[in-house]
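**Q** curious how this folds, go ahead:
(2 chains)
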Amino acid sequence: MTDRIIIWVPRDAAARSVGADAVAEAFAREAEARGLEVTIRRNGSRGLFWLEPLVEIATGGQRIGYGPVSPEDAAGILDEGGGHALCLGPVGEIGFLKRQQRVTFRRCGVIDPLDPEDYAAHGGWAGLERAAKMTPEAICEEVTRSGLRGRGGAGFPAGIKWTTVLEADGAQKYVCCNADEGDSGAFADRMIMEGDPFTVIEGMILAGFATGSTQGFIYIRSEYPDAISVMREAIAIARAGGFLGTDILGSGRDFDIILRRGAGAYICGEESSMLNSLEGKRGEVRAKPPIPALSGLFGEPTVVNNVLTLASVPMILSGEPGADGYKAIGLGRSAGTQPFQLAGNIRQGGLVELAFGVTLRELIEDFGGGTLSGRPVRAVQAGGPLGAYIPAHQFDTPMSYEALADIGAMLGHGGLTVFDDQVDMAKMAEFAFEFCAEESCGKCTPCRIGAVRGAETMAKIRRGENVEANLEIIGDLAELMRDGSLCAMGGLTPMPVMSAIEHFPEDFPGQASKEAAE
Amino acid sequence: MAYGETDTGGATRIGQICSRYNARPDALVEILIDVQAEFGCVSDAHAAQIAGRLNLSRAEVHGARSFYSDLSAEPKGRRCVKLCQAEACQAVGSDALKAAAEAALEVKLGGTGMPGEIWLEPVYCLGNCALAPAAMVDERLIGRASVDAIMAALEGGEHD
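**A** You can find the predicted model right below:
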C-alpha cells in the first residue's frame, strides 16, 4: 500500500494574500481530474514570503517545495513533478531556511496548525507534561536560568517577571498574552499564531502553572482576522483535549484562556494600555509603578508577555533544547534565538530565526538578497515605528540588545524595514511624529502635544523654513518627549526622528548647507 | 435590525450580544466590536442600551467607543478598504497606491465614496510587511496590492 500524497498549501494570511486559497482549490481539482489520490492539507507559513504561495508535495518522507505557485501552475506541477520550473527541491534544503536556527518556529509551516496530534508528534505538550510534575518555583527557576528575555521589545528577563508574580499576594492572578503586534515590519506573532497556535497556548498554561494563575487572556489586534480565528479554534480544541480547564494532565492545576480582540489602537500593544482595554476601558497608559506583575489586570498580579516569549517557553521546559541549551545559543546576555523579520523594500522578505549575534548586513544581503527595487539599501529601521533608522555604515553591528543600544538603536520586536536610496529621511522623520500624533493615547502631555508640534515643525523644516532654528526646537522637543512621556510611545518617537537627522543630514537641507560651510 | 440602523430598535439584538459575554463590563470592547460589525456603527442609542445592560454609565461606553479607531458613532460605508500607510509599505510605494486607489474609488483616504458604499481607511500595519504594500478589503488581506487586486476583491462579494 502506498501512502497518499499530501499536498501542503499554507493557510497563513500572507500566503492567502497572494492567492493560496485558489492554489489549494486548483490542486484539488487537477488531482481529481487525473484520478490522483491526494490529501490537501493547510500548514502555516515557513516564512519565505517571496516564494508564497509555497506548495509542498510530500512523498516518500520528503517534502518538495514549489513556489511561488499560481493556480494555473497546479496541472503542470502534478504532471512534471520535480522537473517543473517552480520546483525548489526539498524545502528544508532551501538556503534561506537551512541557514536558520529554528527553535521557536521549528513547527511553523511544518505541521497542520489545528491538528493537536500533529503538534504532539512534533514535540508539542512535552514541556507541559514535564512541568505538570514540577513546583511553580522550579518552573520559574528554569525559565530564569534559560536567560529568556521578553521578545515584545523591552527585553525584560521572563523568569524574573514570573517569580515576581509567583511571590506576589493576590486572590486571582492573571496571564496576559500580548498579541497586539502593531509594529510595521513585524509579523512574527501573526505567523506563529496562524502556524503553531498550540505552542502559544502551551506557553500560557506554563506561565499559569509557574505563577499560580488560573486565568489567561490573549489580546489579538483586529487587523489580524486570520490569527484571531485560528487561535479561537485552537483554544476550543485544547479545551476539548483536556489541556485547558480543570486538573490539566492530572496536575491538579486549572487554567483557561479568554481571547479578546483589539479595536484598532496601536497603543494597546503597550502593556498597561492593553490591560485597560482588557478591562473594557479606553486603552490609556497607566503610570508605573505599580508594575503589572504586582498590580495588573483588575489590580491583581499579572504576567504580561509577548506571543514569542510565551511560545519560547515550551521548548525550554521540554528539555529540548532545555534551559541550559537555550542559554548556550546567543550572544552574552542576549540568550537564545531571535526571529528577525525582513520587511519593506527587500527582495526575499520573510522570517529569519537565528541566534543573537548575526549582523544586519548578513540578514539584509545574505538572507534578504538586497532590495526589491534593485537599488542600494540606504537605511534600515529596526524595531518598528519607534526604532532608529540605521545607516549602511553601521550594518556590521551584531544584532543583540546591547550592541544595538550602543549605537543608539533598538531591537524591539525584531522587525527590520529596509529602504532604498529613494527614501526621503525628512519625510520619514515627519511621519514618525504624525504616527505618534495619530496613535497617542492622550494621557500624558509630552506625547499628546509633542507629537503634533513635532510634525508641524518637521513640516516647516521640509519646506525649508528657518531650518536651523527649527531643528533646535526638534532637539528640545525630543528631549522632553524622551524624558517626560509616560510610556515608550512618546518616549521613543524621538528615536526614529533623531537618528534620521543624525545619520542622514543631507535630507534636511539647512543642516546640510551648515555642515558644508564648516 | 440592519446595517445603518442608528436610533431605536436593535435592543433585542444588543441584549443578545451582551449576553454572549455574560454582560461582563470588562468585555465592553468585544461587545462594541460586535455591535459595530452588525450595525456598521455604535450609535448613541446602541451605546445607551449597552450601558444599561452592562451597568456602566453612558460616559464609560462613549469613552471606549471614541477611543478605538475601529468603532464609529455613525456608519462609514458598507464595504471597507484599508490601505496600509506604515513604514514597510511606504518603502515599496504605498503613496502611489494610495493616489491610484483614491482616483479609482473616487474617495479620499479617510472618507466614504460611491455614496455610502466604500469607505477608504488608512491603517498602520496589517502584518504583511514582507509582501508590501498591503491592503485589506473587508477582512480579506491583499499582498503586493494594486488597484486591480482591490477592485477584484470588491467585486468578489461581501464575504471572504
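**Q** please make it C-alpha for all contacts and neighbour counts, starting now.
**A** OK.
**Q** can you pull out the strands in chain B?
**A** B:79-84, B:112-113, B:118-123, B:135-137, B:140-142 (DSSP state E).
**Q** ok, which of these comes nearest chain A?
**A** Closest approach to chain A among these (Cα to the nearest Cα): strand B:140-142, 4.4 Å.
**Q** check which helices and strands that closest one sits against.
**A** With contacts taken as 3 or more Cα pairs under 8 Å, 6 or more residues apart in numbering or on different chains; DSSP states H and E, strand B:140-142 sits against helix A:13-17, strand B:135-137, helix B:147-155.
**Q** who does that strand pair up with?
**A** Strand B:140-142 pairs in its sheet with strand B:135-137 (antiparallel), by DSSP bridges.
**Q** how about the residues of the stretch 251-400 of chain A by chain B?
**A** Residues of the stretch 251-400 of chain A found near chain B (Cα under 8 Å from any Cα of the partner chain) are A:260-265, A:277-283, A:342-346, A:348-350, A:385.
**Q** of these, which belong to helices?
**A** With DSSP state H as the criterion, helices contain A:Ser277, A:Leu278 from among those.
**Q** sorry, back to before: how about the strands of chain B in JSON lines, adding mean neighbour count and mean pLDDT?
**A** Formatted as JSON lines, the strands of chain B follow (neighbours: other Cα atoms under 10 Å in any protein chain shown; pLDDT from 0 to 100):
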{"stretch": "strand B:79-84", "mean neighbour count": "25", "mean pLDDT": "95"}
{"stretch": "strand B:112-113", "mean neighbour count": "20", "mean pLDDT": "76"}
{"stretch": "strand B:118-123", "mean neighbour count": "22", "mean pLDDT": "93"}
{"stretch": "strand B:135-137", "mean neighbour count": "27", "mean pLDDT": "97"}
{"stretch": "strand B:140-142", "mean neighbour count": "25", "mean pLDDT": "97"}
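**Q** what sits against the residue nearest to A:Gly319 when sequence neighbours are not counted?
**A** Leaving aside its chain neighbours, A:Gly319 sits nearest to A:Gly127 (7.4 Å; criterion: Cα to Cα, 6 or more residues apart in numbering or on different chains). Neighbouring residues of A:Gly127 by Cα atoms under 8 Å, 6 or more residues apart in numbering or on different chains: A:Glu202, A:Val313, A:Pro314, A:Met315, A:Ile316, A:Leu317, A:Ser318, A:Gly319.
**Q** list the helices and strands the strand or helix carrying A:Arg145 packs on?
**A** If you go by DSSP states H and E, A:Arg145 is part of helix A:136-146. Under the contact definition 3+ Cα pairs under 8 Å, 6+ apart, helix A:136-146 sits against helix A:158-167, helix A:197-211, helix A:307-318, helix A:322-328.
**Q** and it, what's buried?
**A** Going by neighbour count (16 or more other Cα atoms under 10 Å in any protein chain shown), the buried part of helix A:136-146 is A:Pro136, A:Ile139, A:Cys140, A:Glu141, A:Glu142, A:Val143, A:Thr144, A:Arg145, A:Ser146.
**Q** for the fourth one, give me its contacts.
**A** It refers to A:Glu141. Shown in contact with A:Glu141 (Cα under 8 Å, 6+ apart): A:Gly159.
**Q** and the gap between it and chain B?
**A** Separation of A:Glu141 from chain B (Cα to the nearest Cα, to the nearest Å): 33 Å.
**Q** for the fifth one, same thing?
**A** Taking Cα to the nearest Cα as the measure, A:Glu142 falls 32 Å from chain B.
**Q** isn't that residue up against A:Met315?
**A** No: A:Glu142 lies out of contact with A:Met315 (Cα atoms under 8 Å); the separation is 11.3 Å.
**Q** distance from the chain centre to the one helix or strand in chain B whose mean pLDDT sits lowest, please.
**A** Taking mean pLDDT, DSSP states H and E as the measure, chain B has strand B:112-113 as its least confident helix or strand, at a mean of 76. Mean-position distance between strand B:112-113 and its chain equals 13 Å (Cα atoms, centre = their mean, to the nearest Å).
**Q** given it, what are its sheet partners and their directions?
**A** Applying DSSP bridges, one finds strand B:112-113 paired with strand B:118-123 (antiparallel).
**Q** quick one: the strand it pairs with to strand B:79-84, angle?
**A** Taking axes from the mean of the first three to the mean of the last three Cα atoms, to 10 degrees, one finds strand B:118-123 and strand B:79-84 inclined to each other by 30 degrees.
**Q** beta-bridge partners for the closest residue to B:Arg79 other than its chain neighbours, please?
**A** Excluding the flanking residues, the one nearest B:Arg79 by Cα to Cα, 6+ apart is B:Ile118, at 4.9 Å. Under the criterion DSSP bridges, B:Ile118 forms beta bridges with B:Arg79, B:Gly113.
**Q** OK, contacts around B:Ile118?
**A** Contacts of B:Ile118 (Cα under 8 Å, 6+ apart): B:Gly77, B:Arg78, B:Arg79, B:Cys80, B:Val81, B:Leu105, B:Thr112.
**Q** if we use 7 Å, what do you get?
**A** B:Gly77, B:Arg78, B:Arg79, B:Cys80, B:Thr112 (Cα atoms under 7 Å, 6 or more residues apart in numbering or on different chains).
**Q** for burial, what's the neighbour tally of B:Ala59?
**A** Around B:Ala59 there are 12 other residues, counting by other Cα atoms under 10 Å in any protein chain shown.
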